[in-house]
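Participant: here is a sequence with its predicted model. Questions after.
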Amino acid sequence: MKPFIGLIFLLFITVSCEKDNNHSNLIIDKLPMEVGTTWVYDWVTITQHLESYNSNKVVKIDTTRMKSTTWIEKDTILFDTLDVKVFRFEILNDGFKESTKSFRYLSTEGLWEVFYYTIDDIIHTHFFKHIALPLSRKSKWSSYENSDGGFKKVVSHMDFELNGKKYECFKIESLHSDSYIDNGYSCYSEIGLVKEYFSKKSSSSLTYGGSDNSHPVIVDTYITLVDFY
C-alpha cells in the first residue's frame, strides 16, 4: 500500500502550491550562468505495471530514487564565434554514475542549447530553446529555431521553497506530445529549473505472476531541486 500512498503524496505536493496565474506579476528576465553554478536534484520514478493492454488494473508498482547534479563547468567557443557555457550533467543510479555535457547560452530571447554534428566535413547545427526570456504569465514560444513546432506555454504560477527560502516560479507545459513523453511539465524560477514531471505509457516484458508477460507500464518521473549554490 505504501507505493500508492507515495504516489498520492507526490501528486498532492505537485498541485498544492499552484496559484491563479492571471494575478501573477512575476517576470523572470535572467537565469544563473556563472561558471561553478550547481543544481542538485532528487529523482523519483514510479512504474505502474498494468494487468494487460485491455485493463487499467495496476498489479505492481516499482519505485526508484536517484540523485543528479548539473553544473556549469566552463566557458568555451563554438564555430569560432559563438560563446557558450559547458553544462555538465551527472546522475547516480544504483551505485553507477553517468555523465554527459551540453552547450548552452543566453540570448535576449531565452536559454538555448546547441546540438551539432559533422557530415562530409560540413557542420550541421540545431538550436533548442529551453525557456523564453523574459518569462511572464503570458509567455508562449517554439522550442526550435525557425520552426512552428515544439510550442510551450506558461500555464500557472507557483511557489517553491528551498533551504528555507521561497521562490516564485512558472509552471510550463508543452502543447504537443512526442515519442518520449505523453505529458509533463517543468517549473522555472529565477534560479532555473526547480521541478519537472513527465509520464510515458509503454510496454514491458518483465516477469510477474509466475509467467512471462508482455504488458503495459506507466512510468511517472518526478524531479525536484534539493540544493542550489
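Facilitator: Alright, I've got the coordinates. Residues are numbered from 1 along each chain as shown.

Participant: flag the shaky bits of this structure, pLDDT-wise.
Facilitator: Residue ranges of the chain with pLDDT under 70: 1-24, 146-149, 176-181, 204-213.

Participant: so the most centrally placed residue in it is in which element?
Facilitator: Taking C-alpha atoms, centre = their mean as the criterion, residue 196 is the residue nearest the geometric centre of the chain, at 4.4 Å. In this assignment (DSSP states H and E), residue 196 forms part of strand 192-204.

Participant: partner strands of that strand, with direction?
Facilitator: Strand 192-204 pairs in its sheet with strand 183-189 (antiparallel), strand 215-228 (antiparallel), by DSSP bridges.

Participant: all helices of this protein, in order?
Facilitator: In the chain, the helices defined using DSSP state H lie at 2-15.

Participant: for it, which strand is longest?
Facilitator: The longest strand of the chain (DSSP state E) is strand 58-78.

Participant: buried sites along that strand?
Facilitator: Within strand 58-78, the residues that qualify as buried are 60, 61, 66, 68, 69, 70, 71, 72, counting by 16 or more other C-beta atoms under 10 Å. For glycine as for every other residue, the C-beta is placed from the backbone atoms N, C-alpha and C.

Participant: and that strand, how far out from the chain middle?
Facilitator: 9 Å (C-alpha atoms, centre = their mean, to the nearest Å).

Participant: what lies in contact with stretch 102-116?
Facilitator: The contact list for stretch 102-116 (C-beta atoms under 8 Å, 6 or more residues apart in numbering) reads 30-31, 33, 76, 78-79, 82-87, 89, 123-133, 135, 141.

Participant: buried residues in it?
Facilitator: Result for stretch 102-116 [16+ other C-beta under 10 Å]: buried residues 102, 103, 104, 105, 106, 110, 111, 112, 113, 114.

Participant: what of stretch 122-136?
Facilitator: 127, 129, 130, 131, 132, 133, 135, 136.

Participant: so what's residue 201 up against?
Facilitator: Contacts here follow C-beta under 8 Å, 6+ apart; on that basis residue 201 touches 182, 216, 217, 218, 219.

Participant: try it again with 7 Å
Facilitator: 182, 216, 218 (C-beta atoms under 7 Å, 6 or more residues apart in numbering).

Participant: buried ones among the residues you listed?
Facilitator: Buried residues within these, counting neighbours by 16+ other C-beta under 10 Å: 216, 218.

Participant: for the contacts of residue 201, which one is nearest residue 169?
Facilitator: Among the contacts of residue 201, residue 182 lies closest to residue 169 (C-beta to C-beta), at 23.3 Å.

Participant: looking at the buried residues of stretch 102-116, which are in strands?
Facilitator: Judged by DSSP E, the buried residues of stretch 102-116 include 102, 103, 104, 105, 106, 110, 111, 112, 113, 114 as members of strands.

Participant: can you redo the residues you listed as JSON lines with distance to residue 95?
Facilitator: Shown next, in JSON lines, are those (distance: C-beta to C-beta, whole Å):
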{"residue": "102", "distance to residue 95": "24"}
{"residue": "103", "distance to residue 95": "29"}
{"residue": "104", "distance to residue 95": "29"}
{"residue": "105", "distance to residue 95": "34"}
{"residue": "106", "distance to residue 95": "36"}
{"residue": "110", "distance to residue 95": "37"}
{"residue": "111", "distance to residue 95": "32"}
{"residue": "112", "distance to residue 95": "34"}
{"residue": "113", "distance to residue 95": "29"}
{"residue": "114", "distance to residue 95": "32"}
